[in-house]
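# how would this look folded up:
(chains A and B)
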Amino acid sequence: GNSVTQMEGPVTLSEEAFLTINCTYTATGYPSLFWYVQYPGEGLQLLLKATKADDKGSNKGFEATYRKETTSFHLEKGSVQVSDSAVYFCALTGATGNQFYFGTGTSLTVIP
Amino acid sequence: SAVISQKPSRDICQRGTSLTIQCQVDSQVTMMFWYRQQPGQSLTLIATANQGSEATYESGFVIDKFPISRPNLTFSTLTVSNMSPEDSSIYLCSVANTFRWPEAFFGQGTRLTVV
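Residues are numbered from 1 along each chain as shown, chains lettered A, B, ... in the order given. Alright, predicted model coming up:
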């Protein structure tokens, strides 16, 4: 079946620190992979995505590379800001591309 | 992209009562999805709502507890029936765009507290 395992939080970093949030997956077929972000009091927003192996998704300084050999899609950012404080969800789609499977979410707090 | 309006944004309800959550999309979509996000946990798919047919429920969710309506291509409702404190969660409406790349859009969610 399909599942996502995500690094547990909470994570607390100082501003300008390097961020890595680990995500590994189990899937049948060739899923697309996503990172969604949920800012306080808001809904989920797509942060980045990758639809095939070795693709790199990037947005707002965040990056993640679709690694089929390690079934991973780790989220990274070189220098976090206070405004990056949010909950981050790793997700994948099933074979039809309609149903999404989410990790448990990682709460990130960036302190000045 | 799709803009999803969900209401109410939050509610506090008495146990044994029911709450209907509405989801309005600014464009026509074939499939709409309802998720539950329990405190400290990830999103769990409740059901998929297709226009003109019965909703498809995931394991652990039944129509009597979570009846869904989908009267047209831009609107859906989820009812949480006979509520108990265990139903306290955030409920999210979602639509998927598969026309070009797979992507999901979410409403802001309904934060439900059952007392």
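
# Please report the number of neighbouring residues for the closest residue to B:V95 other than its chain neighbours.
With C-beta to C-beta, 6 or more residues apart in numbering or on different chains as the criterion, B:V95 has its nearest non-adjacent residue at 4.4 Å, and that residue is B:V29. Any C-beta I mention is one placed from the backbone N, CA and C, and that applies to glycine too. Using other C-beta atoms under 10 Å in any protein chain shown, B:V29 has 20 neighbouring residues.

# give me every residue that touches B:V29.
Residues counted as contacts of B:V29 (C-beta atoms under 8 Å, 6 or more residues apart in numbering or on different chains) are B:A2, B:L73, B:T74, B:V95, B:A96, B:N97.

# now B:T56
Listed by C-beta under 8 Å, 6+ apart, the contact set of B:T56 reads B:A47, B:T48, B:N50.

# at 7 Å instead, please
Counting by C-beta atoms under 7 Å, 6 or more residues apart in numbering or on different chains, B:T56 makes contact with B:A47, B:T48.

# one step back: quick check: the residue nearest to B:V95 vs chain A, distance?
11 Å (C-beta to the nearest C-beta, to the nearest Å).

# same check, this time on B:F75
Counting by C-beta to the nearest C-beta, the gap from B:F75 to chain A is 18 Å.

# For the helix or strand containing B:M32, report the contacting residues that lie outside it.
Using DSSP states H and E, B:M32 falls within strand B:31-37. Residues outside strand B:31-37 that contact it (C-beta under 7 Å, 6+ apart): A:98, B:23, B:43-50, B:68, B:70, B:76, B:78, B:89-96.

# Flag the shaky bits of chain B, pLDDT-wise.
Residue ranges of chain B with pLDDT under 70: B:97-102.

# Flag every residue of it that's near chain A.
Neighbours of chain A within chain B, by C-beta under 7 Å from any C-beta of the partner chain: B:31, B:41-43, B:45, B:92, B:96, B:98, B:101-104, B:106-109.

# From those residues, keep the buried residues only.
Taking 16 or more other C-beta atoms under 10 Å in any protein chain shown as the criterion, what is buried in the residues of chain B next to chain A is B:31, B:42-43, B:45, B:92, B:96, B:102-104, B:106-109.

# Now tabulate the residues you listed in TSV and tack on secondary structure and distance to A:E42.
Shown next, in TSV, are those (DSSP: H, G, I helix; E, B strand; the rest coil; distance: C-beta to C-beta, whole Å):
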residue	secondary structure	distance to A:E42
B:M31	strand	23
B:S42	coil	17
B:L43	strand	15
B:L45	strand	21
B:L92	strand	12
B:A96	strand	20
B:P102	coil	22
B:E103	strand	18
B:A104	strand	15
B:F106	strand	10
B:G107	coil	11
B:Q108	coil	6
B:G109	coil	9
